[in-house]
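S.K.: Please find the sequence and the predicted model below.
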Amino acid sequence: MTDEPMLLIRESSRNLLKSNRRIHKNEQNDIYRKLEETRLARETIVDIVNKLKTKSITAMELDILKNSILDDQNNIEVVLSNQGSLRGLVRELSGTDVTKQLAAAGCCCNIALGDAKACVTIAKAAGLYLVTALDNFNTELAVLCAWTLGNIAGSGHRACVALHSRGVLTKVTALLTHHLLCDAALYAATHLAYHMKDDLSKEYVEKWTQILVKMNLSMESSHLLFILSCHVDFALPQEELYRVLQFTYVSIQKHCAECSGTKMCCELVYLLRTLANSDISETGAIIINYFDANLGVECFKTILKSNNCTVSDALTWLLGNVLNVCGENSFVNKLLMTTAS
């Protein structure tokens, strides 16, 4: 198989991650911005940033700064260019006043919605404290710090390397099984896995895969599973393979019953791509036998003939891989004939 399909899939994932970052930014606007907002004068923001060098800044001023960064991304540069301002944010983030901690974390979160340079800077200055705060008993603070780490990781490989050296992978792994923090942890893990690519160690590829297949796979967790499946060390042992097949079975039924669009509409695409990326020499016969026994040809014909090229292409890719590796198979041949008729 050539590298072109994989490159196209990676590009598709990259665009979706960027989209998720933009969506998260809009959510930050809704959650953290005050309902009645007025754009503050630059001098006011500069004055607040200067106060960060001292211990006289209030929680309200931190909130104003946090909101101003969302209102105008030029204020990110105001913060980063003022020597000592990031130390001030770290001071408040690592303090004992929860209100100030939340506001400081919010400032970091919004700065991390900036460009790659801003994210690398915040990773180096505050990364260790954001990672440490993931263990905080205040769930709101832990969630906010996890989202912040996800935003930082979403900027690219350099920021991920900086976070990796500060212990982010171990902490995120622990949070993936936390019922209140797993969504934010998934967001961070997805960006880390995508941008670190094969620099993500085999240990975490295996751990995250094991954790994900024990979840009720959603769009987000299936996306992360697919990204992991692109890793050189990815593997699906038989027990985990059957879990993915069970989720695929449910997802196919749901897709056929509920999905009518022509774009990425559900987790099925990621599950099919994950199966296609597995070691087909080991998994191919199991996959086809499972499909044949539980779903039959007609169900797959419906998908292949649908207007949703994203899903039908993913299924065709999987079937093509099985045919290439496992040779002639009556079930696969019947399905592939459908695309030619």
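M.R.: On my side now, so go ahead. Every value quoted in this text rests on a predicted model; they were computed, and no experiment measured them.
S.K.: Buried residues of stretch 228-243, list them for me.
M.R.: 228-231, 234-236, 240-241, 243 (16 or more other CB atoms under 10 Å). For the C-beta atoms, the positions are set from N, CA and C on the backbone; glycine is no exception.
S.K.: ah, wrong one, I meant stretch 154-165
M.R.: Under the neighbour-count criterion of 16+ other CB under 10 Å, stretch 154-165 has 154-156, 159-160, 162-164 buried.
S.K.: can you check stretch 167-182 too?
M.R.: Buried, per 16+ other CB under 10 Å, within stretch 167-182: 168-169, 171-173, 175-176, 178, 181-182.
S.K.: just to revisit the earlier point, need the max-distance pair from the buried residues of stretch 228-243.
M.R.: Cys230 and Arg243 (19.1 Å; CB to CB).
S.K.: Now do the strands in this protein.
M.R.: Secondary structure of the chain by DSSP state E: no strands are present.
S.K.: In it, which residue is most central in space?
M.R.: Centroid-nearest residue in the chain: Thr190, 2.9 Å away (criterion: CA atoms, centre = their mean).
S.K.: Could you pull up the residues touching the residue lying closest to that residue once chain neighbours are set aside?
M.R.: Nearest residue to Thr190, sequence neighbours excluded (CB to CB, 6 or more residues apart in numbering): Leu224, at 4.7 Å. Leu224 is in contact with 186, 189-190, 193, 208, 212, counting by CB atoms under 8 Å, 6 or more residues apart in numbering.
S.K.: Check what pLDDT Leu224 gets.
M.R.: Note on Leu224: pLDDT of 97.
S.K.: Ok, Leu40 next?
M.R.: 70.
S.K.: Top of the contacts of Leu224 by number of neighbours, please.
M.R.: Per-residue neighbour counts (other CB atoms under 10 Å) across the contacts of Leu224 peak at Ala189, which has 31 neighbours.
S.K.: show me the contacts for that one.
M.R.: 172-173, 176, 208, 224.
S.K.: any idea how far it lies from Glu203?
M.R.: Noted for Ala189: a distance of 14 Å to Glu203, by CB to CB, to the nearest Å.
S.K.: give the contact list for the closest residue in space to Arg158 that isn't next to it in sequence.
M.R.: Spatial nearest neighbour of Arg158, chain neighbours left out: Val120 (5.1 Å); criterion: CB to CB, 6+ apart. Residues near Val120 by CB under 8 Å, 6+ apart: 155, 158-159, 162.
S.K.: quick one: Val120 and Lys334, what's the gap?
M.R.: The value you get for Val120 to Lys334, if CB to CB is used, is 52 Å.
S.K.: What of Ile111?
M.R.: From Ile111 to Lys334 the distance is 55 Å (CB to CB).
S.K.: Break this structure into its domains for me.
M.R.: 1-200, 217-341 (automatic domain parsing).
S.K.: if we can go back for a sec, now render the buried residues of stretch 154-165 as a markdown table, adding pLDDT and distance to Leu318.
M.R.: Below are the buried residues of stretch 154-165 laid out as a markdown table (pLDDT from 0 to 100; distance: CB to CB, whole Å):
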| residue | pLDDT | distance to Leu318 |
| --- | --- | --- |
| Gly154 | 96 | 28 |
| Ser155 | 95 | 32 |
| Gly156 | 96 | 30 |
| Ala159 | 98 | 33 |
| Cys160 | 98 | 29 |
| Ala162 | 98 | 37 |
| Leu163 | 98 | 33 |
| His164 | 98 | 32 |
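S.K.: Inside helices: which ones of those residues?
M.R.: 159-160, 162-164 (DSSP state H).
S.K.: from the residues you listed, which is closest to Ser218?
M.R.: Nearest to Ser218, judged by CB to CB, of those is Cys160 at 23.1 Å.
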